[in-house]
Structure formats: structure tokens, C-alpha cells
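pasting the sequence and the predicted coordinates here, then a few questions.
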Amino acid sequence: MKLSKISERIGKHFEKGKPLHAFHALFDAIDTFLLTPKNVTRLGSHVRDAVDMKRIMITVMIALLPALLFGMWNVGYQHFTAIGETATGLRCFGYGFLKWLPLVIVTYVSGLTVEIIFAQKRGHEVAEGFFVTGFIIPMIMPPDVPLWIVAVATAFSVLFAKEVFGGTGYNFLNPAIVARAFVFFAYPSVISGDAVWISNAPDAVSGATPLALAMNGSADQLPSAMEMFIGTIPGCFGETSKLAILVGAAILLFTQVASWKVMLSVIAGGWITGALMHIGGLCPATGWQHLLMGGFLFGAVFMATDPVTAAHTSAGKFIYGILVGVLAIVIRVVNKGYPEGMMLAILLMNIFAPLIDYCVVRLTIRRRKILISRKKIQL
Amino acid sequence: MKYKIRQGLDLRMAGTAQREVTALPMPGLCHVRPTDFRWLKPKLLVQPGDAVAVGTPLFADKADERVLVVAPATGTVKEVVRGEKRAIESITIAVNDAAPAVQTVAFDDADTPEKIRNTMLLYGLWPCLRQRPYAIIPSPDSQPKAIFIPCFDSAPLAPDYNLLLASQADDFAHGISILQQLVGADVPLHLCLRDGADNSIFETMQGVNFHYFSGPHPSGTVGPQIHRIAPLDKGETVWYLSPMDVARIGRLFDSHRLGFDKTFALTGPAARKPHYYSTFYGADVSTALHDNLPEGDIRQISGNVLTGKQITDFPTLGFYDYQITLLQEYPERELLGWLLPGFRKWSFSHTFTAWMTQRKPFWFNTSMHGGARNFVMTDVYDKVFPFEAILPLELLKACITHDIEKMEELGIYEVDSEDFALCEVVCPSKTECQQIILEGLKEIKGED
């Protein structure tokens, strides 16, 4: 291959002791982005699975695409509806795309700068984790959020939620959620609780989100279940269309990239809690309505399943998932000031995941002792 | 008893050996390598120029000098090849091609455990035994909790033991009774058979326990078998050996014939005509390799692709190996490999379109398919690791952090590096799991 020859020739200048060594992390990142890595097996097994972190991450991004593409159209559609114009599908999509593009560029530039500096300092390759994080962040921000806030939030989350702990694989908080939480707590006026996110809406039509409606007891004003399922409701890019999210979930589950254990138990936990709250008269919305509202499903499919910050043990994944689901609905119903509980529920459970794992490991050790002694008696 | 292994994986690899055996001509050279025996520190007993016959001790284990490794052929010691820090890499013997590979030796009939043990030690058959934990040669003074004989190999392109044992059924039976006398009636012998396969050679044995295993690899490796039948606690050991070595032991005691002859399968996607060859341990197998090597850069592996060792300077099989695998070295870098559909890329996950053709044999090569990363995917190991109540990821972390107490609690005594081979294969972070476990075991052994 000609390209591999070129890469070899250029690569020489980035080796240790050569003038461009200071930029080797950047070169490695571009090199392995363009060409499959050149390393061969040395220790252990002589053959390896073709899957690597790049493939895993691109699979997650492909799974995010349906929700993103729908979101682009929907942001445009909501905008033109709010200002009372009718627009073609393409025009809606174009409007949304132009809203999304600066967000994603700012996110990647800000986050990757931090990533590359750390990779360079540590002598690592640039880990691929940020490609997904940087893809998710614009999808969970309000479409009109000021770009400098996005840049600051992204840099903050990559630096303090990930790199200070050692990079992808060592972080215990999901960086995308940290970015959103950062905006929520640092700039509450931008991402405020119950005001609806319609791009450039005149004040007169800014209304309440379905979540806020349900929480304030006006469940009869809720959009229809079908609207919430298809996603033709106001909201940020990623989370409105439950249908598109479910397509993404199918991709993640089929490729075995995300854990079905987490996904299933989050949804089960949320549904059961929602149903119980409804029966107990605490909340007018029923269990399945809760699943269709807000960012619950997006969080369950794409964020709670982050393998690094979820519980690592099999049994732990179920416990973690159920508690995420339960907490999300509890926060939603109990704290009327901020109805979107998914973000906080996942952040909280990220912190508790190591504790869950610790308990599961101790129990497994005990079970092993019992198994061994039982076998001894048999013999 | 029947056992079904659920977690595991069969790599569908091209290059299964045809069931025909070519006898290799007497080789000019024979290489005996101390590195075939894990952690053994050799004490050299011969010098270049010494005449040796089958059964002449070449080196002893420094830890216990009764444990001998003997010459597998008759001839003259040509060279002692030393590597870094003067470690012995190979004792090379110029083979006298008139002398047969199996020779008659004279010793008094062994009828007590003591005499059996000493005869095995003297004629270099003691190293046929290995113990768990650690997969090392057991101390002659130790007594195992059980002896395991895995009677089939489930590794990719593994040889068929029925063919390797052809016409040795009597020797095998005698070997079993010798082992029973060696350890006494209290120690059970476990024969682990493949459920539904032709087990006629093994099933006629008396006084042993039969266990039938089904399911994908590693159902035929000793680790999961011990785990199902007699899990190891701290301080316990079990011995294991291959049925071919059982037959070798039986032949020595039955007809006083000593030999290190072995039939092996030459396999692999890069082999031109994969089939079986017969030769003896240590023999230079260049002829067999030469017949099979195509053009290009081919890796030669003694053993299977999961746990085998790369053949570099000495073209010969390891002491415990009955297979050579030829594998294409990684040819060239691809453009945007992580983005393409990947019709010809094998993966345990379904992230490449090749899952549609997963049933066809695949052409593997030695590419790592990615750079090393921290642990990210936390549940892939569980799908290929058939040990109940042992958490592979946690055990690896304990090894990496040198936490000996935790390693013990998590069950490191039950596993060996080979049990983590499949974890290593499917790991998207390209973690060297086998090496990590080996380092962990070394650390534990140092502590004892």
C-alpha cells in the first residue's frame, strides 16, 4: 500500500529523539485512524478478534445516528412550527443540521485538545472513548446553548471526570453526563428546568415540556403517546424520538456492544417505579408514559450502558440498572423543580457502581468457598 | 458424569489435518529445550562431544535433582546453545540415524510406588506429569488429590487423540494401572472424554472415573475439567498428563521399551497439505515444515494458536505439544479498517458483517487488530470463561495490582494462563491476559 509507505516515512520523524517527537500522540492518532494498526501478536494467543476500541466506538456512533438525524429534522420542525411557518422536511433538516454543526465542532475541538495533551504527556495513544462522548454531548444540550459554555463544559468533563483519573477505562463518571450536569449547575439559566427547548422561539410560544406538564398535574395537556414515541415534540437533538433510540438500542444489542442487562433493568426499574407512583397517586403519569418522556430512554440506552462507569460484574449490572431506573423516576416525581432525573440518577449510580461491584465480588468469593467445600463432601 | 460447558468458543479456522500419517525420516539434529518446562532451572549433565543414547540424562531440575530430562535420541551432543545471561536455550544432539527412536532398557520390575517413581524419574518420564496450580512438574515427594487425563483436545485444529494413540491401547491400559499403583487407591484417576465421540480406547479402563464433556473449547482443557470435578483449594494439588504420555509410561513398565516418539498434526490456514507426521520429541522437523510452507511470511507455532509457542531458532515441537500450526503473518495495513463492513474479519462480537459467514472456516493472521487500551468492555470475558464463581476481570485486576490476598480469594490456584487464552482473543482492549495471569502465578509461587 502506498499510504502505509508514506506513513512509515513520515512516522520516522515522530520517533523518540527526533524533532517532532513532541507531537507523536497526534501522529499516532491520525495514523491509526487512517490505517489499521501495524502491531502483530507477540505474547499469548497468536490470533485476535478483529474488534478493537475504534470499532466499538464507531458502532456506538452508528447506533446514535438515527436519533441524531431525526433530532436535526425535529429541531428545525419545532422552530418553524413555533414561528408559525411551514417548511419542507429538507429545510427543517437543514436548519437543525446548521444548529448541530457548530456544537459538534466546538465539542470535538475542546475535548480532543485535552485528550491529545494528556496522551502526549503520558506517552499513550489517544483513546477512542472521547469520540462517543463528543458525539453525545451535542445531542443532550439545548440547541441554543452558547458555544463557549459547551467548550468549557466539555473541557471540564474530559479533564476532571476522566483524565485526572487516568483516562478512558479509569473514569468512574460518564463524561458526557458530567458535561451536561456542569452546564446545569453552573449555568442554570441556560438549561433551566421546565422551559421548553425550541430553537429561536419567540417568547410568546415558549411552553412547558411534557415532563413539566405531567409533574404539575396537567397530564391532560400531554402530547399524545404517539407524538412522544415518534418524537415530534420539543427537546434536544438526541432524546425526543423514542423510535430512533430503540433502533439504536437494537444495533447496540445485536452487535453485543452494550449490555442488555443494564438496558433491560433500567427500563424495568423505571417502569415499575412509575407504575407504583401512579397507583400511589403521587404522579398522574403512568409507568409507560414515564418511559416515553424526557431523556429517560436515551439515558437507558446510551448512557447508563457505558461499560466503564456502570457496574462491572454481571450481577452488579442488574442492581445498577434497576437503581438507575428507580432513582430517575423518584427524582422526577419528588423534585418538581427539576423534573429530568435521568442525568442525576446515572451520575449518582456511577458513584455507587464500585460499591455494588465490591459487594458482588465479596459474595462471589463466599460462594466459591461454599462450592469448593460442597464438592469436597461429595468426593 | 456429564458436564456441559456453555461459556467458550470454537475458532473456525481453515487447515484441519487430513487423517493420514507420514513418517518423517531420521533427522540430522535433535534439540532438547529446557524452556519447554515452565520455570525449570536446568543443571547441565552433558558436555558437547558426549555420546548419548535414548534415556541418557541431559539436565536435571536445580530445584530437585532427581527430576531428569533425558535424551530422546541416540547420537552425540553437538552443541549447548546459550542465550541471554547464559541461559541454556537448547541442547543439540547430532542424531545417529542407525539407532531406533525407541530402545529397550533394563531395570528390575517395579512393584512398589517407590520403585515406580524412581524408574520414572530415572528414565526421564517424570516430566510427563504436570501439576495444577502452576502447570509445573510436580515434586517427586508430593502426593496429588487426583490425577486428570484429558482424553481429547478442543483447541483450534487440535489433533485427534485416537489417531495419536493408534495401536497403543494396551500401553495406555498398562500406564493407567502403573499410575494407580504410583499414587495408591485413595487418589482417584479422572478420564475426561468428549461426549458423543469415539472413546473406545479409553472406556475399557478399570478403576477410573469417566467424565463426559460437551460444548465449545475450552471443554477439552484440564482447567475447566478440574474446576467441575475437583476444584482446587489453597494448598491442594492435582496432577495431569496426556494420554500419549500415559501410554509412554505403560510401555516402559510393560515391555521395558523407552522412547519419546510422537505423532503430531501439522495444521493451520497457511499449511499447504495439513496432515499428521510421526517423529520423536526434539527432532528437527524442517522437512515437514518445508513440505508445507507456502511463499511469504509464515509464523510457525508449536502447539495451537491460543497457547502455542512461536518456533524461531529451533524447528522442533515442545515436550507437551502434538501440533504445529502455520499462520500467515499480518500482511499489510488496511485503509480505514475500523469503518469498513469487514466481510472477511473474524469477530466474536457482531460488529463486522462477517458474522453472516461465521460458520465457514476463516483465514486468520497474526494481526493484533488494534492498539492496547485500558479495560473498557466489562462483560466479554464472562462469555468465554467457563469457571463458576471466578470473576476473570477481577482476577486480572488483582494480578495487575499485585494483590496476593485478593488473587487467592478470587481463585487463582484453579486457573492457569491457558484458561485465559480465549479472554485474550476476544478482548477489544487487546489485554495480554495470559501474560498477566502468568506473572500473577509467579508472584504467588514466590510467596509460598
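Looks like it came in fine.

list the residues that contact the closest residue to B:Ala14 other than its chain neighbours.
Setting aside the residues directly before and after it, B:Ala14 is nearest to B:Pro361 in space (Cβ to Cβ, 6 or more residues apart in numbering or on different chains), at 3.9 Å. From N, CA and C alone the C-beta is placed, and that goes for glycine too. For B:Pro361, the contact set (Cβ atoms under 8 Å, 6 or more residues apart in numbering or on different chains) comprises B:12-16, B:269.

most neighbours among the residues you listed, please name it.
Using other Cβ atoms under 10 Å in any protein chain shown as the neighbour criterion, B:Gly15 leads the contacts of B:Pro361 with 23 neighbours.

distance check, that one against chain A.
For B:Gly15, the distance to chain A equals 12 Å [Cβ to the nearest Cβ, to the nearest Å].

ok so, going back, tell me which of the contacts of B:Pro361 is nearest to B:Ser139?
Distance to B:Ser139, by Cβ to Cβ, is smallest for B:Met13 among the contacts of B:Pro361, at 37.7 Å.

right, and that closest one touches B:Pro156 too?
Yes: between B:Met13 and B:Pro156 there is a contact under Cβ atoms under 8 Å: 4.8 Å.

spit out the residues that contact the two alike.
Jointly contacting B:Met13 and B:Pro156 under the rule Cβ under 8 Å, 6+ apart are B:Val305.

sorry, back to before: per-residue pLDDT, the residue nearest to B:Ala14?
Model confidence at B:Pro361, given as pLDDT, is 73.

the stretch 151-300 of chain B: helices as residue ranges?
Remark: helices assigned in the stretch 151-300 of chain B by DSSP state H, counting those that start in this stretch are B:161-164, B:169-183, B:200-203, B:222-229, B:243-255, B:286-292.

how far away is the closest residue to B:Thr112 other than its chain neighbours from B:Gly308?
Leaving aside its chain neighbours, B:Thr112 sits nearest to B:Gln181 (7.9 Å; criterion: Cβ to Cβ, 6+ apart). As for B:Gln181, its distance to B:Gly308 is 34 Å (criterion: Cβ to Cβ, to the nearest Å).

tell me the residues of the stretch 201-350 of chain B that contact chain A?
By Cβ under 8 Å from any Cβ of the partner chain, the residues of the stretch 201-350 of chain B that approach chain A are B:230-233, B:299, B:301, B:305-308, B:310, B:325, B:327, B:329-330, B:332-339, B:342, B:345-350.

what about B:Met205, how many residues close to it?
That count, for B:Met205 with other Cβ under 10 Å as the rule, works out to 20.

quick check: it touching B:Ile176?
Yes: using Cβ under 8 Å, B:Met205 is in contact with B:Ile176, at 5.3 Å.

pLDDT wise, what is residue 26 at?
Unless you meant another one, I'm taking chain A. pLDDT, A:Leu26: 75.

that's the wrong chain, I meant chain B
We have a pLDDT of 90 for B:Met26.

again with A:Lys336
Per-residue pLDDT puts A:Lys336 at 67.

B:Pro269 too?
Confidence score, pLDDT, at B:Pro269: 90.

ok, it - contacts?
B:13-15, B:326-328, B:361-365.

how about whichever residue of the stretch 101-250 of chain A sits closest to chain B: what's its closest non-neighbour residue?
For the stretch 101-250 of chain A and chain B, the shortest gap (Cβ to the nearest Cβ) falls at A:Gly169, measuring 2.6 Å. Excluding its sequence neighbours, the residue lying closest to A:Gly169 (Cβ to Cβ, 6+ apart) is B:Asn374, at 2.6 Å.

quick one: that neighbour and A:Ala127 touch, right?
Yes: contact criterion Cβ under 8 Å: B:Asn374 and A:Ala127 qualify, at 7.5 Å.

between those two, point out the one with more neighbours.
Using other Cβ under 10 Å, the more surrounded residue of B:Asn374 and A:Ala127 is A:Ala127, with 23 against 17.

ok, the more buried one touching A:Asn171?
No: counting by Cβ under 8 Å, A:Ala127 stays clear of A:Asn171, with 10.3 Å between them.

quickly note the distance from A:Gly299 to B:Val222.
45 Å.

compare those two (neighbour count), which wins?
A:Gly299 (28 against 24).

related to what we said a few turns ago, closest to chain A among the contacts of B:Pro269?
In terms of Cβ to the nearest Cβ, no member of the contacts of B:Pro269 lies closer to chain A than B:Phe364, at 4.4 Å.

can you give me the pLDDT of residue 115?
Here I'm looking at chain A. Predicted confidence (pLDDT) for A:Glu115: 87.

let's do chain B instead
In this prediction, B:Lys115 carries a pLDDT score of 93.

ok, B:Phe352 next?
Reported pLDDT for B:Phe352: 80.

isn't it right up against B:Leu339?
No: with contact defined as Cβ under 8 Å, B:Phe352 does not reach B:Leu339; the gap is 11.1 Å.

out of the two, which sits in the more crowded spot?
B:Phe352 (23 against 12).

excluding covalently adjacent residues, which one is nearest to that one?
Of all residues not flanking B:Phe352 in the chain, B:Gly342 sits nearest, at 3.3 Å (Cβ to Cβ, 6+ apart).

separation between the one you found and A:Asn74?
Going from B:Gly342 to A:Asn74 by Cβ to Cβ gives 33 Å.

do B:Gly308 as well
B:Gly308 sits 55 Å away from A:Asn74, going by Cβ to Cβ.

how about B:Glu334?
According to Cβ to Cβ, B:Glu334 stands 37 Å off from A:Asn74.

of these two, who's got more company?
With neighbours defined as other Cβ under 10 Å, B:Glu334 and A:Asn74 compare such that A:Asn74 has more, 26 against 17.

wait, is that one part of a strand?
No: secondary structure of A:Asn74 (DSSP: H, G, I helix; E, B strand; the rest coil): helix, not part of a strand.

span of stretch B:96-109 from start to end?
30 Å (Cα to Cα, to the nearest Å).

now do the shared contacts for B:Asn374 and A:Ala127.
By the contact definition Cβ under 8 Å, 6+ apart, B:Asn374 and A:Ala127 are jointly contacted by A:167-169.

most neighbours among those residues, which one?
A:Thr168 leads these on contacts (other Cβ under 10 Å) with 27 neighbours.

who's in contact with the residue nearest to that one when sequence neighbours are not counted?
Closest residue to A:Thr168 apart from its sequence neighbours, by Cβ to Cβ, 6+ apart: A:Gly129 at 3.3 Å. By Cβ under 8 Å, 6+ apart, A:Gly129 lies in contact with A:53, A:57, A:162, A:167-169, A:175, A:308, B:376.

mind checking which of those land in strands?
The members of those all map outside strands under DSSP state E.

count of neighbours near the residue nearest to B:Leu327 when sequence neighbours are not counted?
Excluding its sequence neighbours, the residue lying closest to B:Leu327 (Cβ to Cβ, 6+ apart) is B:Arg299, at 4.6 Å. Neighbours of B:Arg299 under the rule other Cβ under 10 Å: 22.

residues contacting B:Arg299?
Each residue near B:Arg299 by Cβ under 8 Å, 6+ apart is listed here: A:46, B:270, B:310, B:326-329, B:366.

recalculate using a threshold of 6 Å.
Contact partners of B:Arg299, counting by Cβ atoms under 6 Å, 6 or more residues apart in numbering or on different chains, are B:327, B:329, B:366.

same question, A:Gly270
A:Gly270 neighbours (Cβ under 6 Å, 6+ apart): A:296, A:325, A:328-329.

run the last query once more with 7 Å
With contacts defined as Cβ atoms under 7 Å, 6 or more residues apart in numbering or on different chains, A:Gly270 is in contact with A:290-291, A:296, A:325, A:328-329.

just the buried ones from those residues?
Among these, those classed as buried by 16 or more other Cβ atoms under 10 Å in any protein chain shown are A:290-291, A:296, A:325, A:328-329.

just the endpoints, please. Distance across stretch A:128-145?
One end of stretch A:128-145 sits 26 Å from the other (Cα to Cα).
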